[in-house]
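>>> What follows is a predicted structure for the sequence shown.
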Amino acid sequence: MTKLRKSAKGRECQIRSPYCNFNNETTVLCHLGGAGMGLKNDDMFGAFGCSSCHDAVDHRTPSPYMNEMINNWFYDGMVRTQKIWLEEGLISHE
């Protein structure tokens with residue numbers, strides 16, 4: 001498990017969808033889409049997400065929202081997550 005994935009444990013959800021359960025104990029590093037069946041995108045492009053937001057992003061929860069809206073929640077969360085990593089020195093912009 002990478003340091004970025006490990007850094008999600010106990011964190012505040014950054015996806016913040018209407019489905020958010022606000023339970024930091026359920027937060028993991030979520031990935032949008034993938035590189036194929038059973039494969040995930042690079043952790044650098046993940047977002048801290050609670051179990052409910054993760055279910056929404058992965059379409060495990062029926063939703064009246066269009067994919068574009070769900071993707072926007074994720075991308076906003078990804079940017080907030082990357083900001084946290086930059087501030088903590090887990091990633092660098094150089």
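Cool, got the structure. Treat the numbers as computed from the prediction; the structure is a model and nothing was measured.

>>> Okay, now the unreliable bits of this structure?
Confidence mapping of the chain against pLDDT under 70 gives the ranges 1, 34-39.

>>> Just the strands from it, written as ranges.
When secondary structure is read from DSSP state E, the chain shows strands at 28-31, 46-49.

>>> Go through those strands and pick out the most buried.
Ranked by mean neighbour count, these are led by strand 46-49 with a mean of 28 (mean count of other C-beta atoms under 10 Å). Where you see a C-beta, it was placed from the backbone N, CA and C, and this is true even at glycine.

>>> partners of that one in the sheet?
Take DSSP bridges as the rule and strand 46-49 pairs in its sheet with strand 28-31 (antiparallel).

>>> I figured N24 hits F48, correct?
No: under the contact definition of C-beta atoms under 8 Å, N24 does not touch F48, with a separation of 9.1 Å.

>>> so what sits against both of those two?
Taking C-beta atoms under 8 Å, 6 or more residues apart in numbering as the contact criterion, the common neighbours of N24 and F48 are 11-13.

>>> Check the residues you listed for burial and list the buried ones.
Restricting the shared contacts of N24 and F48 to buried positions leaves 11, 13, with burial counted as 16 or more other C-beta atoms under 10 Å.

>>> E88: which of the shared contacts of N24 and F48 is nearest?
Distances from these to E88 were compared by C-beta to C-beta; the smallest belongs to R11, at 10.8 Å.

>>> Tell me how far the closest one lies from T27.
Between R11 and T27 the distance, using C-beta to C-beta, to the nearest Å, works out to 5 Å.

>>> Can you lay out the shared contacts of N24 and F48 as a markdown table showing distance to T2?
Putting the shared contacts of N24 and F48 into a markdown table (distance: C-beta to C-beta, whole Å) gives the following:
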| residue | distance to T2 |
| --- | --- |
| R11 | 15 |
| E12 | 20 |
| C13 | 20 |
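
>>> I'm done for today, thanks for sticking with me.
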